[in-house]
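[1] sequence first, predicted model second:
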Amino acid sequence: MRIEKAKRLEQIPPYLFAEIDKKKEEMRQRGMDIIDLGIGDPDLPTPRLIIERLKKAVENPKNHRYPSYEGMIKFRTAVAQWYEKRFGVKLDPRTEVLSLIGSKEGIAHIPLAFVNPGDYVLVPSPGYPVYRVSTIFAGGIPYFLPLLKENGFLPNLSKIPVEIAEKAKLLFINYPNNPTSAIAGKPFFEEVVAFAHRYQIVVCHDAAYSEIAFDGYQPLSFLQVEGAKEVGIEFHSLSKTFNMTGWRIGFAVGHSEIISGLGRVKTNIDSGLFQAIQEAGTEALYHFDTPLPEIIEIYERRRDMMVRGLQEIGLEVDRPKATFYLWIQIPGGYTSAQFATLLIEQAGIVATPGNGFGEAGEGYIRMALTVDEKRLKEAIERLKKINF
Ligand SMILES: Cc1ncc(COP(=O)(O)O)c(C=O)c1O
């Protein structure tokens, strides 16, 4: 039998990291020692207290059954108290908080609740690839908002043609930003709220990196801005905040109708988040003050070392205030893909080509600070030997 895949699969490029993984494997097979700065997956362990809580929770047979769809009220209450403590924003845990099997899961499902075939979705470029793919899966049309250096990597909403804005159902934004590591202040979020009101667009702010910030900086929640809860929701994740990427735990908060729309999609697709993991997440949210200083100090040291090293080599890179990514301008004469290939072939360094995050990412590569200082030093030494 000939297996024919659905057209929607042909519409999406291969998942960015799948391509890089292939190249990495090829070089590894040739005996190359690979320094992987490709995927933003923390190398540090989950704090011990969270692990111990999970161990206990796993023993409880009550946690072996199907969890509730929307998340345990205990976990949602922990989210609400964390939100108030961290951002000064009050949430109703029953209607304004939803557990997610990682924030990626929520981002992948949200267009199914609000986007009809042919509707536009406003998607940042460069941006986390799931915004574009989830739009396509729902039959929507991504309209890309270029994030340019001269605008501080914020989208220029006034450049969106009125006829597109009128047909747009959803706007994705993400600060602190992956891949550019840019941050957003209150004026930008206020502009987003006004824009969303004007065109009746649901705002999805992806705050997966809200707790990875440096030099004392504390990123804002979109919901801190007046009127934000009337137009949108915010996605959060425990993945980066507590080094829990493998655990799959996140949440969405905000407008109760938007939360319930996403919840309705989820009840038809998944059966909730393993309760033992929710109990461990509850412990994390009550116990720790975030950003967690012990994690932040490590990334700060890595950032400073790597930025200095890259600048000495002559590469242009800003010292980020948040996220564990470096967004590096590539030297003239190369495309992003060519430069990434050069790095892996000549130095065994995996970096992500910027165009993989969208066309406007061309001219950049992204490096993740998710390996230790010794390896980063080694990476700099190897880079010094390349003639570019
Ligand atoms: C911008 C952004 N949003 C969301 C996610 C998904 O995180 P998770 O599904 O682990 O919560 C990631 C992961 O890298 C990300 O970079």
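    That came through, no problem.

[2] what about residue 342, which SS state?
    helix (DSSP: H, G, I helix; E, B strand; the rest coil).

[3] isn't it right up against residue 383?
    No - using Cβ atoms under 8 Å, residue 342 makes no contact with residue 383, being 10.4 Å away. Quick note: C-beta positions are derived from backbone N, CA and C, even for glycine.

[4] mutual contacts of the two, please.
    Here residue 342 and residue 383 have no joint contacts, going by Cβ atoms under 8 Å, 6 or more residues apart in numbering.

[5] not counting sequence-adjacent ones, nearest residue to the one residue sitting closest to the centre of the chain?
    Nearest to the geometric centre of the chain sits residue 208, at 4.9 Å (Cα atoms, centre = their mean). Nearest non-adjacent residue to residue 208, counting by Cβ to Cβ, 6 or more residues apart in numbering: residue 237, 4.4 Å away.

[6] and residue 89, by the same measure?
    residue 223 is the one closest to residue 89 (Cβ to Cβ, 6+ apart), at 4.7 Å.

[7] show me the contacts for the one you found.
    Contact analysis of residue 223 by Cβ under 8 Å, 6+ apart lists 83, 87, 89, 229, 232, 234, 253-254.

[8] quick one: it from residue 96, how far?
    Separation of residue 223 from residue 96 (Cβ to Cβ, to the nearest Å): 9 Å.

[9] tell me, what's touching those two both at once?
    Common neighbours of residue 223 and residue 96 are listed as 229, 253-254 (criterion: Cβ under 8 Å, 6+ apart).

[10] still on that earlier bit, and the contacts of residue 223, which is closest to residue 361?
    Distance to residue 361, by Cβ to Cβ, is smallest for residue 234 among the contacts of residue 223, at 23.7 Å.

[11] SS state for the closest one?
    Applying three-state DSSP: residue 234 is strand.

[12] pLDDT wise, what is it at?
    Predicted confidence (pLDDT) for residue 234: 98.

[13] check residue 16 too.
    In this model, residue 16 carries a pLDDT of 63.

[14] ok, residue 22 next?
    Listed pLDDT for residue 22 reads 84.

[15] following element in sequence after the helix or strand harbouring it, please.
    Secondary structure assignment for residue 22, by DSSP states H and E: helix 16-29. Downstream of helix 16-29, the first helix or strand assigned by DSSP H and E is strand 35-36.

[16] can you tell me the strand partners of that next one and which way each runs?
    Using DSSP bridges, the strands paired with strand 35-36 are strand 349-350 (parallel).

[17] tell me how far the partner strand lies from the chain's centre.
    Strand 349-350 sits 21 Å away from the centroid of its parent chain (Cα atoms, centre = their mean, to the nearest Å).

[18] mind listing residues that contact it?
    Here strand 349-350 has contacts from 20, 23-24, 34-38, 340, 343-344, 379, 382-383, using Cβ under 8 Å, 6+ apart.

[19] immediately after that strand, which helix or strand?
    strand 352-353.
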